[in-house]
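Peer 1: When you get a sec, could you give me coordinates for this:
(2 chains)
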Protein chains: 2
Amino acid sequence: MALIVQKYGGTSVGSVERIQNVARRVAKFKARGHQVVVVVSAISGETNRLIALAKEIQSHPNPRELDVLVATGEQASIALLAMALMDLGIRAKSYTGAQVRIVTDNAFTKARILRIDEENIRADLDAGSVVVVAGFQGVDEKGNITTLGRGGSDTTGVALAAALKADECQIYTDVDGVYTTDPRIVPEARRLKTITFEEMLEMASLGSKVLQIRAVEFAGKYKVKLRVLSSFEERGEGTLITFEEDINMENPIISGIAFNRDEAKITVLGVPDRPGIAHQILETVAAANIDVDMIIQNVGADGATDFTFTVHRNDYANVLKRLKQAQGKIGAREINGDERTAKVSVVGVGMRSHAGIASTMFRTLAGEGINIQMISTSEIKISVVIDEKYLELAVRVLHKAFDLEQAG
Amino acid sequence: MALIVQKYGGTSVGSVERIQNVARRVAKFKARGHQVVVVVSAISGETNRLIALAKEIQSHPNPRELDVLVATGEQASIALLAMALMDLGIRAKSYTGAQVRIVTDNAFTKARILRIDEENIRADLDAGSVVVVAGFQGVDEKGNITTLGRGGSDTTGVALAAALKADECQIYTDVDGVYTTDPRIVPEARRLKTITFEEMLEMASLGSKVLQIRAVEFAGKYKVKLRVLSSFEERGEGTLITFEEDINMENPIISGIAFNRDEAKITVLGVPDRPGIAHQILETVAAANIDVDMIIQNVGADGATDFTFTVHRNDYANVLKRLKQAQGKIGAREINGDERTAKVSVVGVGMRSHAGIASTMFRTLAGEGINIQMISTSEIKISVVIDEKYLELAVRVLHKAFDLEQAG
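Peer 2: Numbers count the residues shown, from 1 in each chain, chains lettered A, B, ... in the order given. A predicted model of the protein is given here:
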């Protein structure tokens, strides 16, 4: 008998029929003698509907009240799923975040989990019930309702698995696991049986939106055994996210190719090469609440330097305008950019002990005439920024160069 | 400076525009220096939508989970109203039933309020906030979400007013007060400036669905000053529900004519006149969870008796079938009924000290050729059952006979 935490997203509970499907799947695990905790999101579209309604009333909705409002989405889901389980003759009980209590800080709309009081849930499990918990939400020390921000239901699942010392946390999504790259671009892409946490973090943050990055971090920190599975297909083992010590030496050097299409690149040319200049440039961007992704600075020969960074494409025009306004203050010779760039990364813990990954990557891209505009590396990934029109080609040739094709 | 509890029903918050209207009305009271607690229902139609959804999943939804589900309706309303108030520059804070805490028993879907922890609300009021509380819902001692049953938001308002020792509890509805009878039947019907609690109880239970009967009982028990007002018209004082000791001697003898259209009458003829026979008949009805309204038994001359009662018209066929099945056991000679009857009542505390009310009522009906099928009286009302086709006529002539017309 194992204790399993299962998390189902909004599309998995998107209709009465789908809720009943989830109930049947949970019933199978229960029938095998497992204890099951189910975490559910709001019905797909509901959170967006509620936020739109709030904005009709207050253009910038008060964060505390917005959390009270959107928390109703998961509250409806847990009640409906508990009913669907009971309809199959299974004992079930729902919990809101506040009822559990999943205690968070008071950063409304983006709260962080501080601790989970798991005693009541454990008592229900021991009494034979399936416990259905609202994802995405919690309660602060004063009893205010909070939410964890987008994708927070994954985090709820992992945090509950950690608190309950569950044997496995299963995240059911609309894909059947983590792939070497996006199968829509490379049909030969292969589902990974395992991936390490570090690789998953890179894959998640680089655009493979299978798992919420905070959930992955949480799982890594508390050593939660995490598995990504399809909520629509019965078969398949999904992808298990492993700890590095579990890896055997046969593991591939490179696990996958991640990419991010919607990047834009901005270069600030000929700025004085003195302390504080990077801060001065990024401050201008940060003041508009815009996230910067990759940052590169090269020392120039003439006492001036060039500074390049990437932002989401939607922010490009705004950033360019702000920087041009600040150009005099920064002392830059020129500011330019490219709205249509993309980032491609090869990811793998194996590259730590294998030289030549970068050289294979750059040679492969050069062989197709793809110019590399920026390069950034970490211990387990190499990212390059290229012209967006070459993105699919780059992903395909790199997938092949690193032998990631479907076995057989 | 007064402390006012205002309750707005589902139609009052039925759209973004209406929510903003409620906020503006609350703002006016705040501007006059009052402390205001607002109780809101779910947006009209939402509770029914949620119940229908639940029934798609479980034909008899689990009561605990049903309460978790429907409680989301008011939770959405409080957040939206708090935002609308803030949008007018007014400090506001929402509370779910569980956050207040409005502690109830654990009779899910029809819970009763045991106590209210009002300290946090009071602190917010003293700090200058408008407090917005979810009607209809509470929490049991174990932290389970409960609901008070249909119309429970009125009860929440009155209970909060009692707990906070509010100066007045204002119930905003889609009518502008309590009338001498339904103005759709008698255009000359007059809005009552005051009505006593006892009269209001009779009016509420007899079919004037302005106020939830439990809320009226609660107000009477805790001496809450209760006023019914229109949520759509700015002007008007509504109707104040008073305690009998406040009445001056000028009060009218009769306050109003109540009626109930959807009654059906069933008569069990020639049953043995022995102890337990009434119980035996009603047990057959109660076993099907059907409410009985008026009950009359007349001793017959020949050692047998006739037993007559009324039920809601929707239950008529079912009751008749069950009684005929039990006819042998009961020992009745005959069972018959009338599906289309109606009940008309004259209500007024004044009738205690005035003889002749019954005789005026019966003479008036006889004058129109309306046959009285059943009579039932209490200290402050006289009810008769008549053929439904005479209902409007009966209400009109009684309204005139007791001089209830619009003054002027």
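Peer 1: can you pull the contacts of A:Glu388?
Peer 2: By Cβ atoms under 8 Å, 6 or more residues apart in numbering or on different chains, the residues touching A:Glu388 are A:Arg261, A:Glu263, A:Arg340, A:Thr341, A:Ala342. No exception for glycine: its C-beta is placed from N, CA and C like everyone else's.
Peer 1: filter those down to the ones close to chain B.
Peer 2: Among those, not one lies near chain B by Cβ under 8 Å from any Cβ of the partner chain.
Peer 1: how distant is the one helix or strand A:Arg227 maps to from the center of its chain?
Peer 2: Element membership of A:Arg227, judged by DSSP states H and E, is strand A:226-230. Mean C-alpha position of strand A:226-230 versus that of the full chain (Cα atoms, centre = their mean, to the nearest Å) differs by 14 Å.
Peer 1: low-scoring stretches of chain A, by residue?
Peer 2: For chain A, applying pLDDT under 70 flags the ranges A:150, A:205-209, A:244-252, A:299-301, A:406-408.
Peer 1: and the longest helix for it?
Peer 2: Criterion DSSP state H: the longest helix present in chain A is helix A:63-87.
Peer 1: Moving C-terminal from that helix, which element do we reach first?
Peer 2: strand A:92-95.
Peer 1: Does A:Val38 touch A:Ser129 like I think?
Peer 2: No - using Cβ atoms under 8 Å, A:Val38 is not in contact with A:Ser129; the gap is 11.0 Å.
Peer 1: who has more neighbours, those two?
Peer 2: Between A:Val38 and A:Ser129, A:Val38 has the larger neighbour count (other Cβ atoms under 10 Å in any protein chain shown), namely 30 against 20.
Peer 1: Contacts for the helix or strand just after the strand holding A:Arg227 next, please.
Peer 2: Downstream of strand A:226-230, the next assigned helix or strand under DSSP H and E is strand A:239-242. The contact list for strand A:239-242, computed with Cβ under 8 Å, 6+ apart, reads A:177-178, A:191-197, A:200, A:211, A:216, A:219, A:225-228.
Peer 1: Over to stretch A:139-152?
Peer 2: The contact list for stretch A:139-152 (Cβ under 8 Å, 6+ apart) reads A:64, A:67-68, A:70-71, A:97-98, A:101-113, A:135-138, A:155-156, A:212, A:214-215, B:96, B:99.
Peer 1: Quick check: which element contains A:Gly270?
Peer 2: A:Gly270 belongs to strand A:256-272 when assigned by DSSP H and E.
Peer 1: Using PDB, write out every CA atom in that strand.
Peer 2: Provided in PDB are the C-alpha atoms of strand A:256-272 (Å, rounded to 0.1, in the frame of the first residue of the first chain):
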ATOM      1  CA  GLY A 256      16.500  17.400 -24.300                       C
ATOM      2  CA  ILE A 257      16.300  20.500 -26.400                       C
ATOM      3  CA  ALA A 258      14.300  23.300 -24.900                       C
ATOM      4  CA  PHE A 259      13.300  26.500 -26.700                       C
ATOM      5  CA  ASN A 260      11.500  29.700 -26.300                       C
ATOM      6  CA  ARG A 261      10.000  31.400 -29.300                       C
ATOM      7  CA  ASP A 262       8.700  34.700 -28.100                       C
ATOM      8  CA  GLU A 263      12.000  36.400 -27.200                       C
ATOM      9  CA  ALA A 264      13.100  39.900 -28.300                       C
ATOM     10  CA  LYS A 265      16.700  41.100 -28.000                       C
ATOM     11  CA  ILE A 266      17.800  44.600 -27.100                       C
ATOM     12  CA  THR A 267      21.400  45.900 -27.300                       C
ATOM     13  CA  VAL A 268      22.700  49.000 -25.700                       C
ATOM     14  CA  LEU A 269      25.900  49.900 -27.500                       C
ATOM     15  CA  GLY A 270      28.900  52.000 -26.400                       C
ATOM     16  CA  VAL A 271      28.100  52.600 -22.800                       C
ATOM     17  CA  PRO A 272      30.900  53.700 -20.400                       C
END
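Peer 1: Which neighbouring elements make contact with it?
Peer 2: Using 3 or more Cβ pairs under 8 Å, 6 or more residues apart in numbering or on different chains; DSSP states H and E, the elements in contact with strand A:256-272 are helix A:197-205, helix A:277-286, strand A:292-299, strand A:304-312, helix A:316-330, strand A:334-347, strand A:381-387, helix A:391-401.
Peer 1: Could you tell me the angle between the strand holding A:Arg227 and helix A:197-205?
Peer 2: Strand A:226-230 runs at 50 degrees relative to helix A:197-205, counting by axes from the mean of the first three to the mean of the last three Cα atoms, to 10 degrees.
Peer 1: doesn't A:Arg25 fall inside a strand?
Peer 2: No - going by DSSP: H, G, I helix; E, B strand; the rest coil, the assignment for A:Arg25 is helix, not a strand.
Peer 1: tell me the contacts of it?
Peer 2: With the criterion set at Cβ under 8 Å, 6+ apart, A:Arg25 makes contact with A:Gln6, A:Ser231, A:Glu234.
Peer 1: Also near chain B: which of those residues, exactly?
Peer 2: Answer for those near chain B: none qualify (Cβ under 8 Å from any Cβ).
Peer 1: ok, and the most crowded of those?
Peer 2: Neighbour tally across the contacts of A:Arg25 (other Cβ under 10 Å): the maximum, 27 neighbours, falls on A:Gln6.
Peer 1: chain center to the host helix or strand of it, what's the gap?
Peer 2: Assigning secondary structure by DSSP H and E places A:Gln6 in strand A:3-8. On the basis of Cα atoms, centre = their mean, strand A:3-8 sits 18 Å off its chain's mean C-alpha point.
Peer 1: Cool, thanks, talk later.
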